[in-house]
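Visitor: need a 3D model of the following:
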Amino acid sequence: MSEQSRTLMSEQSRTPVSEQSRTPRQQIAPPFPIFAHMQKLPIGIQSFSELRKGGFLYVDKTQSIYALTEGSKYYFLSRPRHFGKSLLLSTIGALFLGEKELFQGLWVENKWDWGKKHPVLHISFSGLDYEVNGLEIELKKHIRNVAHSYQIDLRADNLKNQFEEFLRKLSEKREQVVLLIEEDDKPVIDYLGGNIGQTRENQQVLRDFYSVIKDCDPYLRLVFITGVLKFSKVSIFSDLNNLYDLTIHDRIAAKILGYTQEELENCFGEYITYTAAQLEVEEEALLERIREWYNGYSWDGQLYVYNPFSILNFFQKGVFLNYWFKTAPPDFLIELVRKEPFYDFDDIVVGEEAFDAFELREKPDRVMLFFQTGYLTIKAWDRDFGLYTLGYPNREVKSSMLNYLAKDFTDVEES
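Guide: Numbering: from 1, shown residues only. Prediction:
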């Protein structure tokens, strides 16, 4: 018996017998050769161009992207790490750059005006070396490098004036600029729970930086900002009060990241059939198990999606493991819990105001931190009273978090 089979069977020992029916042995798929002919899984691929040119599997999100580009002009979207934010921005950038060949066969191919191209300024804070040089210096250097690539000479010295000058000159030379900002909160998260002074300093730099955007409206076609934490507008976006927040209760954004049940079954059909055969279970039983482990994320209490990182890794390995959780255990969250022990993070009821009240302070709201970082999700929404029930999204997160908490506090007690 294969390692995958033993792993699934050990999990199924806690599953009702009715869910453990097997596929007859004559239906078992042959080993690796069939797997090799399926579309490659884009694990770790964040570039839309690389994904499409490399023949990787792509879950088509272009209809949702198109709807957003036809709507508002200024967007902010908060989602947990490894949920596809980088790929989303890369896709948006490729659209506005007019890279039509990358969109062949996708929904948007015959809907987009490919003759109208816009320059794209893509800023990823994860690529800035602000821990060594400082955030303001790194932002200025990045903008100057991009300006040089467009053969634009910048004369301003301070960050705000330099940013405004670049957007103005680039739009005059080309077309209105598409501004894509990725991991906007990383310079803050990196110091959260530790160096509060550096946190506030970076917060002020970001506030000054974003204050330029509103006055540059004539030079901008689209502004799309993504991050993990949803800071209140007073914290960072105080001057950018025309920013439309997609984080919760937006019908388009609810499914723009993560995989819906329909997308899972339609796009991963070959992998579902192959994996079920390899693990010697019926496809419905496998789907139910996948749903239990990796589904359950919701930002409106109605539509639930799968964690894409875990799904891709599961189909690659064929083993139920805690893929997403293991990439970055929540050490700084555990530190907050340790200071004020609180262990029951399931079925917590909060009001509407909780989602807009997150501020940078010595003791940030732990529940909201757990929600925004993906360890909790909206399980239900009471429209009449404006109340939300938060809880663990799925088995992967709940079991991992409880084990992590138990081990951490056991080590503390024994020390």
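Visitor: what is the neighbour count of the closest residue in space to residue 118 that isn't next to it in sequence?
Guide: Of all residues not flanking residue 118 in the chain, residue 96 sits nearest, at 4.3 Å (CB to CB, 6 or more residues apart in numbering). Any C-beta I mention is one placed from the backbone N, CA and C, and that applies to glycine too. Using other CB atoms under 10 Å, residue 96 has 21 neighbouring residues.
Visitor: cool, the one 4 residues further on as well?
Guide: Residues within reach of residue 100, counting by other CB under 10 Å, total 14.
Visitor: so that it lines up with my notes, have the first residue be 28 from now on.
Guide: OK, 28 is where the count begins now, so the last one is residue 127.
Visitor: any idea how far it lies from residue 78?
Guide: 16 Å (CB to CB, to the nearest Å).
Visitor: one more: residue 306?
Guide: Distance from residue 306 to residue 78, by CB to CB: 28 Å.
Visitor: and the two? which has more neighbours close in?
Guide: Shown here are residue 306 and residue 78; by other CB under 10 Å, residue 306 has more neighbours (24 against 19).
Visitor: so that one sits against residue 347, correct?
Guide: No: judged on CB atoms under 8 Å, residue 306 makes no contact with residue 347 at a distance of 9.7 Å.
Visitor: in contact with the residue sitting nearest the centre point of the chain, which residues?
Guide: Nearest to the mean C-alpha position of the chain, by CA atoms, centre = their mean, lies residue 110 at 3.0 Å. Shown in contact with residue 110 (CB atoms under 8 Å, 6 or more residues apart in numbering): 284-285, 334-336, 401.
Visitor: most neighbours among these, please name it.
Guide: Of the contacts of residue 110, with other CB under 10 Å as the count, residue 334 tops at 29 neighbours.
Visitor: for residue 416, which non-adjacent residue is closest in space?
Guide: residue 407 (4.2 Å).
Visitor: gap between that neighbour and residue 328?
Guide: For residue 407 relative to residue 328 (CB to CB), the value is 5 Å.
Visitor: those two: which is more packed in?
Guide: Shown here are residue 407 and residue 328; by other CB under 10 Å, residue 328 has more neighbours (19 against 14).
Visitor: surely that one touches residue 413?
Guide: No: look at residue 328 against residue 413 with CB under 8 Å: they stay out of range, at 11.7 Å.
Visitor: mutual contacts of residue 407 and residue 328, please.
Guide: Joint contacts of residue 407 and residue 328 (CB under 8 Å, 6+ apart) are 415-416.
Visitor: about what we covered before: go through the strand or helix carrying the residue nearest to residue 416 and flag the buried ones.
Guide: Element membership for residue 407, per DSSP states H and E: strand 404-409. Buried residues in strand 404-409, counted by 16 or more other CB atoms under 10 Å: 404-406, 408.
Visitor: among the contacts of residue 110, which are in helices?
Guide: 335-336 (DSSP state H).
Visitor: among the contacts of residue 110, which one sits closest to residue 191?
Guide: Taking CB to CB as the measure, residue 284 is the one of the contacts of residue 110 closest to residue 191, at 31.0 Å.
Visitor: right, and that closest one touches residue 106 too?
Guide: Yes: counting by CB under 8 Å, residue 106 is a contact partner of residue 284 at 5.3 Å.
Visitor: what is in contact with the two at once?
Guide: Joint contacts of residue 284 and residue 106 (CB under 8 Å, 6+ apart) are residue 112.
Visitor: and the lengthiest strand in the chain, what does it pack onto?
Guide: Scanning the chain for the strand with the most residues, using DSSP state E, yields strand 247-254. Secondary-structure packing of strand 247-254 (3 or more CB pairs under 8 Å, 6 or more residues apart in numbering; DSSP states H and E): strand 101-105, helix 112-123, strand 204-209.
Visitor: and the ones you listed as a markdown table, adding mean pLDDT and distance to residue 428?
Guide: Formatted as a markdown table, the helices and strands packed on strand 247-254 follow (pLDDT from 0 to 100; distance: least, CB to CB, whole Å):
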| stretch | mean pLDDT | distance to residue 428 |
| --- | --- | --- |
| strand 101-105 | 93 | 20 |
| helix 112-123 | 97 | 22 |
| strand 204-209 | 96 | 26 |
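Visitor: go through the ones you listed and name the closest to residue 264.
Guide: Using CB to CB, those put strand 101-105 closest to residue 264, at 7.3 Å.
Visitor: direction included, what does the closest one pair up with?
Guide: strand 247-254 (parallel), strand 271-272 (parallel) (DSSP bridges).
Visitor: what's downstream of the last one, the next helix or strand?
Guide: For strand 271-272, the following helix or strand on the C-terminal side (DSSP H and E) is helix 288-294.
Visitor: distance between that following helix and the chain's centre?
Guide: Distance of helix 288-294 from the chain centroid (CA atoms, centre = their mean, to the nearest Å) equals 19 Å.
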